[in-house]
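> Please find the sequence and the predicted model below.
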Amino acid sequence: TPRIFSGIQPSGNLTLGNYLGALKRFAQKQDEGIETIYCLVDLHAVTVWQDPEALKKQTREAAAAFIASGIDPARSVLFNQSQVSAHAELGWLLNCVARMGWMNRMTQWKDKAGKNAEKQSLGLFAYPSLMAADILLYHATMVPVGEDQKQHVELCRDIAAKFNHDYGVDFFPAPLPLIEGVATRVMSLRDGSKKMSKSDPSDASRINLTDDADTIAKKFRKAVTDPEPLPDSLEGLEGRAEARNLVNIYAALADKTPAEVIADYAGQGFGVFKPALADLAVSKLEPISTEMSRLMNDPAEIDRILGKGADKADAIAQPILQKTLEIMGMIRSR
Ligand code: TYM
């Protein structure tokens, strides 16, 4: 049976990239009637130091972003990872299945650690193994993610296969990464070769879900582009990464194809296209940020929702964790 699992790190402001690449699609999957489990991965967030008070606030804010984007806690399981201790437990077991060499090959590790691997936390190195545990703990079959997480989901498939092989079982299904739509890699507004990221030092490089209308308009107005008008066909966007990115963002927000957007704006300059894009973005994002701030007025209610979600998640995860321990030869006598 199909079951979807995905997660987001509550490690800062969520961006338009997180919305188009993840949240919006998470809500669509829920509305298609598939079983959906969504997780705020606080255990992943602390692989780099987080201020404790800020982490709590960011976790609640991310929960509010899910709900404001259409995730209904009654129809999806929505919780924070650390409240279901089975994640950490299966994470450990999978650390003993996965190989150091596999982790070493992860591009995200190589990017983040750079030449400073010695100074990184052990957790940051093992990060993809915990991510595999998140997914396998629910026997999830599909994992909607942006392009940048594809390698991690493929690693999860390898870990599942190695576990099954090492113990001679057919226990963990191999999950499929779902990377769909035109906004699976939203790029920085300052540099069309870098992805839009909540950890980019330049705030102008991204649209935050909490930005107000003026800020959104200003960031799009200042977005780096070439001086040419928009072409009259998609081929004309080749080699124009920044223009391509803005067209993709427009298409994803408007639920159109990039070809339709190009047809509408062929020959127009960015002086026309950018304000149109800003208006569209504000019309889609303002209701979300308004709902987020409304929800943030009642943090206790958010915590209650996450607690109930964690109970539901735990009910699915515990039997799978117990079975894993049994397969590996751990005595269960209480
Ligand atoms: P994170 O928190 O970096 O990002 C959350 C989701 O947003 C997507 N995303 C983007 N999509 C398009 N364009 C962008 N610029 C962009 N930036 C981010 C990410 O691909 C992701 O889908 N390791 C994960 C969290 C995680 C997880 C999991 C995901 C932990 N356990 C299990 C799936 C399944 C991460 O750091 O995502």
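Perfect, thanks for sending it.
> Name the helix or strand for I262, please.
According to DSSP states H and E, I262 maps onto helix 258-265.
> Give the rounded mean pLDDT of the helix or strand that that helix is followed by.
Proceeding N to C from helix 258-265, the next assigned helix or strand is helix 270-296, under DSSP H and E. For helix 270-296, mean pLDDT is 97.
> quick one: helix 270-296 to helix 258-265, angle?
Using axes from the mean of the first three to the mean of the last three CA atoms, to 10 degrees, one finds that helix 270-296 and helix 258-265 are set 120 degrees apart in direction.
> Now do helix 270-296: distance to the chain's middle.
20 Å (CA atoms, centre = their mean, to the nearest Å).
> could you give the mean pLDDT of stretch 127-147?
Stretch 127-147 comes out at a mean pLDDT of 98.
> Tell me if stretch 130-140 is near the ligand.
Yes: if you take CB under 6 Å from any ligand atom as the test, stretch 130-140 does meet the ligand, through M131, D134, I135. C-beta here means a position set from N, CA and C on the backbone, and glycine is covered the same way.
> follow-up on the earlier one: which positions in the helix holding I262 come out as buried?
Under the neighbour-count criterion of 16 or more other CB atoms under 10 Å, helix 258-265 has P258, V261, I262, Y265 buried.
> could I get these as TSV with distance to E291 and pLDDT?
TSV is the format used below for the buried residues of helix 258-265 (distance: CB to CB, whole Å; pLDDT from 0 to 100):
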residue	distance to E291	pLDDT
P258	28	97
V261	27	98
I262	32	97
Y265	30	97
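> got those residues as a markdown table, with distance to the ligand columns?
A markdown table is the format used below for the buried residues of helix 258-265 (distance: CB to the nearest ligand atom, whole Å):
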| residue | distance to the ligand |
| --- | --- |
| P258 | 15 |
| V261 | 18 |
| I262 | 21 |
| Y265 | 22 |
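> any chance of the residues you listed in TSV, with distance to S283 too?
Below are the buried residues of helix 258-265 laid out as TSV (distance: CB to CB, whole Å):
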residue	distance to S283
P258	19
V261	16
I262	21
Y265	17
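> And the residues you listed, which two are furthest apart?
Greatest spacing in the buried residues of helix 258-265, by CB to CB: P258 and Y265 (10.7 Å).
> Now do the helices in the stretch 1-150 of the chain.
16-18, 24-31, 42-45, 52-68, 86-95, 100-104, 107-113, 122-136, 150-167 (DSSP state H, counting those that start in this stretch).
> Ok, which of the ones you listed comes nearest D303?
Short answer: helix 52-68, nearest of these by CB to CB, at 7.3 Å.
> What helices and strands are in contact with the closest one?
The criterion is 3 or more CB pairs under 8 Å, 6 or more residues apart in numbering; DSSP states H and E, and the helices and strands that helix 52-68 contacts are strand 35-40, helix 42-45, strand 77-80, helix 270-296, helix 299-327.
> what's next to stretch 85-98, contact-wise?
With CB atoms under 8 Å, 6 or more residues apart in numbering as the test, stretch 85-98 has contacts from 43, 81-82, 126, 128-130, 132-134, 136-137, 155, 159, 162-163, 166, 314, 317-318, 320-321, 324-325, 328.
> Indicate the residue of the chain located nearest to the ligand.
G21 (2.0 Å; CB to the nearest ligand atom).
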